[in-house]
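Trainee: attaching a predicted model along with its sequence, questions to come.
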Amino acid sequence: MVARFLHGLDNIRMSDILPLIYHHRSGYPSINSANSDEQNLLFVTHGSPDEIRNARPYMSTWATRLVAVEVRRQVGRLTKDDPTDPTHHVHLRAATNERSKAHVVTWCDLGNWSLKKLESCYWRRGAGDLAMFITEAAAAPAFEGGVAVVRAQRPHPIIQSSAMASFIISRNRCANGDLAMILGIWHFACKSHVDVKRVYCHLGNYVAATTSRAALNSMTAGSMEELRADVGSALEGGEMPVCLILDNVQEYFEVNEQGIGRQNELKVGTAGTSIVLDECAPGAFDAKDHHDRVAKNERRLLTHDALFDDLDFPHLRRVIPLHWARVLVEFSPHFLPLLNSIAALFRSSPVARRRMREGRKMKGQPLGTNGERSTETQGMERAVKDFENQMGLNPELTKAFLFWIRGDGASYANILRLTKYCAPIGTFPNKVATPEIWHTGATDLNSFLQVYPISHRKGVSLESRLPMTLSTRTQDHRFTRTDLDAFAI
DNA sequence: AAACGTGCCAGGATCCTTGC
DNA sequence: GCAAGGATCCTGGCACGTTT
């Protein structure tokens, strides 16, 4: 009988009875009754609920305790890895030895991370959906029809996710994979002030600075090993797997420690990034094939007329108007909704000729910066040799392949010069250099921002235009059409 | 003259995992 | 549930220019 009722098989169910009890006026003390103080005991978080006599305060207090225990259990479960998602590691070790079984952080872990993913992970895992429900109730600015309203500015789901991530690392400091580790590394990259790191570590936002540094050290060591292994096996398979992007680095170091001959200095060096070559035709970097083609000297046939004949006018007539349409649509906010359909035209046939693979992601590995000056000829030679060595490009194994080097204008010119000088003696063989188009763009923007007045504000003298960061300028300045016209002049 | 600001890191304190 | 050992956290010292 009782079991039937409790299973909800009778006509009258718990959902009929509980609201009646909860809302019954006799279940709540009146202001004149002897236990009127129980009016204040609706959601009591301390003491034993058993001493509450009235039904309504007892029920709500009892439910409060029930929810608290469950939220605690669920957040506790979120401190463990999700068995259904092997790509997400809640525990990222910054360092380890043989004894530990835990996953050591990799660049891939950081690359796969996104706030959006994190949020859906918390809801999806179920282990945390009650906690998400509670934090949403706390964080959402409004509810419409039982659904939380997400504001465009400072959307609460992000705040919820970050709060949840803080709760999780608060429960277990090794459960840092949701947000803490990535923010720790971000603050290292931003060179945040040490005090900022200390304070926000206390707040449970990210791991301690020591841990970020340890993580970076082991990631770098681990990924370099991985790169060398990949490069080795690809070379044995007869393909050149990587290319190199160069840039020069300058950083001013102040010396605060005592020491003979130590002084502030500008450290100059060359930074390199190895990029995995993707979707190349087999043998694309075969040196012999390249030399054979060069020997044929077919370039002599590359005249203006030949180039003109090569132009695909029907295709240009399709593409150029589309570019114009995109510029126009982007110009006016009124037309912005059309942007997606223009993008779709670009992506589909016949305009699209050779699309990149869906979901393709560039794989890059920062190499150790060396102290060579990329503008010096010999410095560049030593720098490239160092990078090749770091990547595991053994000169014996690579002599059959072309090596593609990309960089800013200076690096590009320098590589060309080196190949010319070294051609007769063969010490710098098989290098192909191209300038980076994106690099040119970024540099242009940068120099524009450096020379352009901060504002038209009256009374702002040239001398008072303080150096500011690129992001500050682009955000603060809010270019108008007039600004751009002025720049064009 | 005193205190602050600045980044790094050794090494102790604390917390967590592992293995039983 | 315990002990051992490892990972992480945290503090203070350091040096010296700058600010109060």
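Mentor: Noted; the coordinates are in hand. Numbering: from 1, shown residues only, chains lettered A, B, ... in the order given.

Trainee: quick one: the residue of the stretch 351-489 of chain A found nearest DNA strand B and residue A:272, what's the gap?
Mentor: Closest residue of the stretch 351-489 of chain A to DNA strand B, CB to the nearest atom of the strand: residue A:369 (14.4 Å). For the C-beta atoms, the positions are set from N, CA and C on the backbone; glycine is no exception. According to CB to CB, to the nearest Å, residue A:369 stands 8 Å off from residue A:272.

Trainee: of the two, give the one with the bigger neighbour count.
Mentor: With neighbours defined as other CB atoms under 10 Å, residue A:369 and residue A:272 compare such that residue A:272 has more, 26 against 18.

Trainee: doesn't residue A:404 lie inside a strand?
Mentor: Yes. Counting by DSSP: H, G, I helix; E, B strand; the rest coil, residue A:404 is found in a strand.

Trainee: show me which residues of the stretch 151-300 of chain A are close to DNA strand B?
Mentor: Counting by CB under 7 Å from any atom of the strand, the stretch 151-300 of chain A comes close to DNA strand B at A:171, A:172, A:173, A:174, A:175, A:191, A:193, A:194, A:195, A:210, A:213, A:256.

Trainee: now the buried members of these.
Mentor: The neighbour count (16 or more other CB atoms under 10 Å) marks residue A:175 as buried among those.

Trainee: of the residues of the stretch 151-300 of chain A next to DNA strand B, closest to residue A:295?
Mentor: residue A:191 (51.2 Å; CB to CB).

Trainee: would you say that closest one is within a strand?
Mentor: No. Counting by three-state DSSP, residue A:191 is not part of a strand but coil.

Trainee: tell me how far it lies from DNA strand C.
Mentor: 17 Å (CB to the nearest atom of the strand, to the nearest Å).

Trainee: and the pLDDT at that residue?
Mentor: Model confidence at residue A:191, expressed as pLDDT, equals 77.

Trainee: contact partners for it?
Mentor: If a contact means CB atoms under 8 Å, 6 or more residues apart in numbering, then residue A:191 has no contacts.

Trainee: helix or strand: which one has residue A:269?
Mentor: Following DSSP states H and E, the helix or strand that holds residue A:269 is strand A:265-276.

Trainee: how about residues contacting the next helix or strand after that strand?
Mentor: Scanning forward in sequence from strand A:265-276 by DSSP H and E, the next helix or strand is helix A:287-296. With contacts defined as CB under 8 Å, 6+ apart, helix A:287-296 is touched by A:283, A:399, A:400, A:401, A:402, A:429, A:430, A:432.

Trainee: which positions in stretch A:358-367 come out as buried?
Mentor: For stretch A:358-367, by 16+ other CB under 10 Å, it's A:363, A:365, A:367.

Trainee: and the helices in the stretch 101-250 of chain A?
Mentor: When assigned using DSSP state H, counting those that start in this stretch, the helices of the stretch 101-250 of chain A occupy the ranges A:107-111, A:115-124, A:129-139, A:156-171, A:180-189, A:194-202, A:209-236.

Trainee: mind listing what's buried in the fifth one?
Mentor: This means helix A:180-189. In helix A:180-189, counting by 16+ other CB under 10 Å, buried: A:180, A:181, A:182, A:183, A:184, A:185, A:187, A:188.

Trainee: so which residues make contact with that helix?
Mentor: Taking CB under 8 Å, 6+ apart as the rule, helix A:180-189 contacts A:92, A:94, A:105, A:109-110, A:113, A:165-166, A:169, A:176, A:196-197, A:200, A:204-209, A:211-213, A:215-216.
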